[in-house]
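Engineer: please work out how this folds:
(3 chains)
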Amino acid sequence: MPELPEVETVRRSLDPFVVGRSVNRVILDTPSVWCGAGPDAIAGLTVTRSARRGKYLLFFLAPTHAAGTAYWLVVHLRMTGRLTLQDAPEPARKHTHVRIELDGETMPPIWLIFQDTRRFGRFSLYPAQSADQLPAALPRLGPEPLEPSFGAELLARQLSGHSRLNLKAALLNQAIVAGIGNIYADEILFASRLSPQRLAGSLDDAETARLADAVRSVLLRAVDLCGTTLKDYVDGWNRKGSFQHCLMVYGRSGQPCRRCSLAVQKKKLAGRSTHWCPACQPGLPD
DNA sequence: ACCTACCTGTTT
DNA sequence: AAACAGGTAGGT
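Structural biologist: Numbers count the residues shown, from 1 in each chain, chains lettered A, B, ... in the order given. Down below sits the predicted model:
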């Protein structure tokens, strides 16, 4: 489900409703989804901030007493995870794994519910220094593509150690750029007019600039449209995204390219299904 | 730089 | 029955 635009949309939808509330209790229906410090550690702590790094969603949990320990709660939704809010207590359903009751001082309690059909998603809890310093335990992640500092120069630097990697694999590599997954990698390459088979080391300056621009523009537009709902993805209030109506190549194999009408191709690359237009994205012969 | 495993559900 | 699905960790 969730690439950067979807995770950012979930974060924005949850933030105003969870920040300022404290954890009443945590019900861990599926213990295997929880890593690091145990869920009991956050009882009584207050959510003071949400953040996102790549596809990771983070909540800072501050103690009410100065002597207490603060934590980062780090959530990764992987393929089919959903993090939603419910006004009423929600009984555990088939794929419910975590339920957190949050209390506001004057507001009635609200429930943060984690559901995940495939059970790939994870909650990780780490003792924290400060809300300004993200947990060091996150895997090595490349730059945030929506930060102002991201551009052709930074992308070229990130790609420089991977000249023999094809562009599809490069965009999927979270250590090169954080947050891009299978849908947006294909859409970014289409917008760049670059073949997914091109090698990272083969780009000239103009091509690198086009790629960097497309990374930003595609992800920004997808955030504006609240992400892509193919099947499972919804935001914190069960609302679907609408970027699925804007897809140019992903999921369109055999259909005419929306720019030139030639049939969109599909093949497995970097272990993932990859969609591209052979006319708009000329590259190596197959 | 690749492969498989992790899971369940849906599509071919 | 087999392939496939928004992702990543861990193996070779």
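
Engineer: who's in contact with the residue in chain A that DNA strand B sits nearest to?
Structural biologist: Nearest residue of chain A to DNA strand B (Cβ to the nearest atom of the strand) works out as residue A:118 at 3.2 Å. Just so you know, the C-beta spots here come from the backbone N, C-alpha and C atoms, and that holds for glycine as well. The neighbourhood of residue A:118, defined by Cβ atoms under 8 Å, 6 or more residues apart in numbering, consists of A:78-80.

Engineer: can you lay out these as a markdown table showing neighbour count, distance to DNA strand B and secondary structure?
Structural biologist: What follows is those, written out as a markdown table (neighbours: other Cβ atoms under 10 Å; distance: Cβ to the nearest atom of the strand, whole Å; DSSP: H, G, I helix; E, B strand; the rest coil):
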| residue | neighbour count | distance to DNA strand B | secondary structure |
| --- | --- | --- | --- |
| A:78 | 14 | 8 | coil |
| A:79 | 16 | 7 | coil |
| A:80 | 18 | 7 | coil |
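
Engineer: pick the one among those residues closest to residue A:272.
Structural biologist: Checking these against residue A:272 with Cβ to Cβ, the nearest one is residue A:79 at 11.9 Å.

Engineer: I figured residue A:32 hits residue A:121, correct?
Structural biologist: No: contact criterion Cβ atoms under 8 Å: residue A:32 and residue A:121 do not qualify, at 10.7 Å.

Engineer: hang on, residue A:267 is in a helix, isn't it?
Structural biologist: No: read with DSSP: H, G, I helix; E, B strand; the rest coil, residue A:267 is strand and lies in no helix.

Engineer: DNA strand B contacts on the stretch 101-250 of chain A?
Structural biologist: Taking Cβ under 7 Å from any atom of the strand as the criterion, the stretch 101-250 of chain A approaches DNA strand B at residues A:117-120, A:162, A:164-166, A:169.

Engineer: how about a cut-off of 6 Å?
Structural biologist: When proximity is defined as Cβ under 6 Å from any atom of the strand, the stretch 101-250 of chain A approaches DNA strand B at A:117-120, A:162, A:164-165, A:169.
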